[in-house]
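> give me coordinates for this.
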Amino acid sequence: FMTYQCKSCRFLKKFEVRGILGSGAYGCVFKAFNLVDKWSYAVKRIPLRGSDEIVDESLKEVRALASLNDQGIVRYNSSWVEKPPIGWQINYKDDSVFIYIQMELCKQSLHNWLHDNESRDVTQAKLWFKQLVSAIGYLHSKGKIHRDLKPRNILFDMEGRIKICDLGLVADLALTNGQQIDATRTNLGMYMAPEQ
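The predicted model follows:
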């Protein structure tokens with residue numbers, strides 16, 4: 001991989017971090033303001049470490065996002081690999097390398113919406129469900145399955161439309177047809193489909 005050294009860190013040079021949107025086992029998502037185009041984005045940072053197979057697995061999300069173009073999938077803007085300045089990456093070694101994925105910034109997750117709202121408008125729920133099924137149908141039409149669909153990975157864009165995010169565990173349908181999917185790596189728990 002071509003990485004950028006800290007003198008020219010693209011992330012810190014072109015973006016102003018305005019908060020952390022979420023973090024998990026695979027990385028951290030920042031709310032970042034682009035100093036060039038003056039728009040806010042979600043920028044996901046994933047550590048690239050381990051064997052070539054593990055690194056390739058980390059790049060799966062970038063490849064999936066770049067190949068998809070649907071109103072129900074969070075919009076991909078750009079990605080790059082770099083090593084941040086020493087001391088900037090908490091909980092990682094100073095020589096760690098990360099992939100950054102710049103995506104559309106959404107308002108909130110379904111998980112947060114359910115936590116914050118008591119309203120259960122059936123008409124609105126039906127509309128969201130229709131949007132979700134359409135997005136999943138689009139993924140399947142492109143030969144992909146999500147494998148980590150849960151309320152935290154279903155977002156609302158700024159206009160209130162449903163968007164699917166976090167394609168880090170996406171799999172090709174052709175590779176899973178007739179085979180048992182390895183669900184042990186998905187961390188789905190209570191969201192796992194019975195056929196898995």
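
> poorly predicted segments of this protein, please.
Residue ranges of the chain with pLDDT under 70: 1-8, 85-95, 175-196.

> all strands for it, in order.
With strands called from DSSP state E, the chain shows them at 15-24, 27-34, 40-48, 76-82, 97-104, 108-109, 144-145, 154-156, 162-164, 171-172.

> as JSON lines, those with distance to Gly137 would be great.
Where C-beta positions appear, they are placed from N, C-alpha and C, glycine not excepted. Listed next are those as JSON lines, based on distance: least, Cβ to Cβ, whole Å:
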{"stretch": "strand 15-24", "distance to Gly137": "26"}
{"stretch": "strand 27-34", "distance to Gly137": "26"}
{"stretch": "strand 40-48", "distance to Gly137": "24"}
{"stretch": "strand 76-82", "distance to Gly137": "19"}
{"stretch": "strand 97-104", "distance to Gly137": "20"}
{"stretch": "strand 108-109", "distance to Gly137": "21"}
{"stretch": "strand 144-145", "distance to Gly137": "11"}
{"stretch": "strand 154-156", "distance to Gly137": "15"}
{"stretch": "strand 162-164", "distance to Gly137": "11"}
{"stretch": "strand 171-172", "distance to Gly137": "16"}
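
> so can I have JSON lines of these showing distance to Asn69 and mean neighbour count?
As requested, those are exported to JSON lines (distance: least, Cβ to Cβ, whole Å; neighbours: other Cβ atoms under 10 Å):
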{"stretch": "strand 15-24", "distance to Asn69": "23", "mean neighbour count": "14"}
{"stretch": "strand 27-34", "distance to Asn69": "21", "mean neighbour count": "20"}
{"stretch": "strand 40-48", "distance to Asn69": "17", "mean neighbour count": "21"}
{"stretch": "strand 76-82", "distance to Asn69": "9", "mean neighbour count": "18"}
{"stretch": "strand 97-104", "distance to Asn69": "12", "mean neighbour count": "22"}
{"stretch": "strand 108-109", "distance to Asn69": "22", "mean neighbour count": "18"}
{"stretch": "strand 144-145", "distance to Asn69": "13", "mean neighbour count": "20"}
{"stretch": "strand 154-156", "distance to Asn69": "17", "mean neighbour count": "22"}
{"stretch": "strand 162-164", "distance to Asn69": "13", "mean neighbour count": "22"}
{"stretch": "strand 171-172", "distance to Asn69": "18", "mean neighbour count": "16"}
